[in-house]
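1. fold the following and give me the result.
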Amino acid sequence: MFNRARIPYEKYYTTDRFGRQGKQYHRHCGPTAAVNVFATILAVRDARTESDRADELFRDFIDSAQKWLIYINADLFGYFGGTLDIRAGEFLRRCARICGMNSISVSRRRRMNQREMLAALKRGSILYLELTGRTRYGRHHMVCYGARVPAVKGPPLFRIADGWSAKPVYMRYEDLGRGFFIEVSCPRP
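-> Model (predicted):
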């Protein structure tokens, strides 16, 4: 959504929810972000605000990502492990197939740029963000659902599912640091 309040379909699942499902997962912000993206798209498609498939989606996504060496369940030196940034687009396409959403469009990976991100949100897309810069998150994957552009002069605030909070986090572009984004098309209700 662009310039609107949060819609009831947006999902804000956290890494804590999925961290200890049968085994200990390390650096699993990528699969958590993918669950937020596709649980939201499924809720929009099915016109339901509640989805009980989040745990199932997480297991399916992480199993597929491990099989294809997209996700490595490790945390070596606080840097190596998790979802491989360079393969995040492939990961999202695999997640779409797992959900039976072959018509969902997943863009190529692009450098974060405020103008392009706002344009993608205006088209109704969801943004999968890969933060690589020095922020409070460090190297982290999360989701952007929309932006609030003030009527008076001021920076837009991006509405983020950061994977740490079960509610929206509003951030200025400058606070996101450096990184990449992948645009995922999303049907709107």
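2. pretty sure D60 sits in a helix.
-> Yes - counting by DSSP: H, G, I helix; E, B strand; the rest coil, D60 is part of a helix.
3. confidence score at the residue lying closest to it once chain neighbours are set aside?
-> If the residues on either side of it in the chain are set aside, D60 comes closest to I98, at 5.1 Å by CB to CB, 6 or more residues apart in numbering. Using the backbone N, CA and C atoms, a C-beta is placed for each residue, glycine as well. As predicted, I98 sits at a pLDDT of 95.
4. and if you look at M1?
-> Taking M1 on its own, its pLDDT is 37.
5. same question for I126.
-> 94.
6. tell me who's in contact with it.
-> V37, T40, I41, V143, C144, Y145, E183, V184, C186 (CB atoms under 8 Å, 6 or more residues apart in numbering).
7. how much space separates it from A33?
-> 10 Å (CB to CB, to the nearest Å).
8. shared neighbours, these two?
-> V143.
9. list the helices and strands the lengthiest helix in the chain packs on?
-> For the chain, the longest helix by residue count, based on DSSP state H, is helix 29-46. Applying 3 or more CB pairs under 8 Å, 6 or more residues apart in numbering; DSSP states H and E, one finds that helix 29-46 contacts helix 15-18, helix 54-67, strand 80-83, helix 88-98, strand 126-131, strand 140-148.
10. now render the ones you listed as CSV, adding distance to V106.
-> Formatted as CSV, the helices and strands packed on helix 29-46 follow (distance: least, CB to CB, whole Å):
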stretch, distance to V106
helix 15-18, 21
helix 54-67, 14
strand 80-83, 14
helix 88-98, 5
strand 126-131, 8
strand 140-148, 13
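11. of all those, which lies closest to M171?
-> strand 140-148 (8.7 Å; CB to CB).
12. about what we covered before: report the inter-axis angle for the longest helix of the chain versus helix 88-98.
-> 40 degrees (axes from the mean of the first three to the mean of the last three CA atoms, to 10 degrees).
13. next, the angle strand 140-148 makes with helix 29-46.
-> 40 degrees.
14. so how far is K122 from the residue positioned nearest the centre of the chain?
-> Closest to where the C-alpha atoms of the chain average out (CA atoms, centre = their mean) is V143, at 3.1 Å. According to CB to CB, V143 stands 17 Å off from K122.
15. and if you look at I86?
-> Applying CB to CB, the value for I86 to K122 is 27 Å.
16. repeat for N113
-> Taken as CB to CB, the span from N113 to K122 is 14 Å.
17. do the same with R27
-> R27 sits 32 Å away from K122, going by CB to CB.
18. could you do Y13 as well?
-> Going from Y13 to K122 by CB to CB gives 25 Å.
19. and A88, what does it touch?
-> G30, I70, R109, Y128, E130, H141, F180, I182.
20. now with 6 Å, please.
-> E130 (CB atoms under 6 Å, 6 or more residues apart in numbering).
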